[in-house]
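the sequence isn't on hand, but the structure is:
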């Protein structure tokens with residue numbers, strides 16, 4: 001048997017987020033998807049490279065692929081994944097009601113309000129909070145604001161909790177206790193009680209987990225995919 005990896009980045013990012021982790025997993029076939037925020041194109045998936053495909057998604061990218069809106073040509077539909085790996089991911093982003101885990105909708109709404117007029121500033125501020133400020137686009141870099149707006153707005157209503165509960169494949173969820181975007185409480189709510197999910201905690205890494213601590217994350221992923229190698 002053989003296993004390949006499909007990488008799906010989160011909001012406001014690109015393939016650059018995955019460079020350290022991909023290097024640590026270089027022995028396995030890899031495909032990188034792109035949301036098109038900066039004009040980058042996704043790689044097609046050559047199904048002949050591997051018998052089993054594992055989704056590796058960061059933040060919204062994990063849920064995005066779960067919704068079946070993965071941009072890589074010839075990608076498996078959600079039920080066809082042999083396994084999935086979530087890095088700082090979630091089954092819902094906004095709190096369902098006051099006092100529950102998740103971001104307050106007003107945070108997303110504030111970002112949407114100024115995105116059209118100051119997209120670079122919105123991205124820079126958000127990525128700084130993630131610990132990924134060095135991946136923010138230059139001030140003169142062209143942006144696909146329509147794609148950024150659509151994907152950001154989707155976080156207000158995104159909720160794949162019910163679909164995830166019937167997932168026919170195992171999931172490895174890697175989370176950081178110092179993540180200010182996806183709180184530990186939200187990670188617990190999304191993954192801790194799922195019978196097909198292993199939730200693994202890192203004390204540090206914030207919302208940049210996978211870009212930072214790539215070697216440690218790679219070891220967990222290699223152990224997880226061992227069943228298909």
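Sure, I can see it. As the structure is a computational prediction, the values presented were derived from the model and not from experiment.

roughly how far does the spatially most central residue of the chain sit from residue 214?
In the chain, the C-alpha nearest the mean C-alpha coordinate belongs to residue 58, at 1.9 Å (C-alpha atoms, centre = their mean). Applying C-beta to C-beta, to the nearest Å, the value for residue 58 to residue 214 is 12 Å. Every residue, glycine included, has its C-beta placed from N, CA and C.

just residue 20 next, same as before
Applying C-beta to C-beta to residue 20 and residue 214 gives a distance of 4 Å.

same question for residue 12.
19 Å.

compare these two (neighbour count), which wins?
residue 12 (27 against 19; other C-beta atoms under 10 Å).

any idea of the pLDDT on the more buried one?
Here the pLDDT value assigned to residue 12 is 97.

quick check: pLDDT value at the closest residue to it other than its chain neighbours.
Spatial nearest neighbour of residue 12, excluding adjacent residues (C-beta to C-beta, 6 or more residues apart in numbering): residue 123 at 5.0 Å. pLDDT for residue 123: 97.

show me what counts as buried in the helix or strand where residue 123 lies.
Using DSSP states H and E, residue 123 maps to helix 119-130. Buried residues in helix 119-130, counting neighbours by 16 or more other C-beta atoms under 10 Å, are found at 119, 122-124, 126-127, 130.

same list (the residues you listed) but as JSON lines, adding distance to residue 140.
What follows is those, written out as JSON lines (distance: C-beta to C-beta, whole Å):
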{"residue": "119", "distance to residue 140": "12"}
{"residue": "122", "distance to residue 140": "16"}
{"residue": "123", "distance to residue 140": "13"}
{"residue": "124", "distance to residue 140": "13"}
{"residue": "126", "distance to residue 140": "19"}
{"residue": "127", "distance to residue 140": "17"}
{"residue": "130", "distance to residue 140": "22"}
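
hang on, the earlier thing: which elements pack onto the helix holding residue 123?
Applying 3 or more C-beta pairs under 8 Å, 6 or more residues apart in numbering; DSSP states H and E, one finds that helix 119-130 makes contact with helix 105-115, helix 145-154.

how about CSV for these, with mean pLDDT added?
Conversion of the helices and strands packed on helix 119-130 to CSV gives the following (pLDDT from 0 to 100):
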stretch, mean pLDDT
helix 105-115, 97
helix 145-154, 95
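
closest one to residue 87 among the ones you listed?
helix 145-154 (17.3 Å; C-beta to C-beta).

residues making contact with that closest one?
11-12, 35-37, 60, 64, 108, 111-112, 115-116, 119, 123 (C-beta atoms under 8 Å, 6 or more residues apart in numbering).
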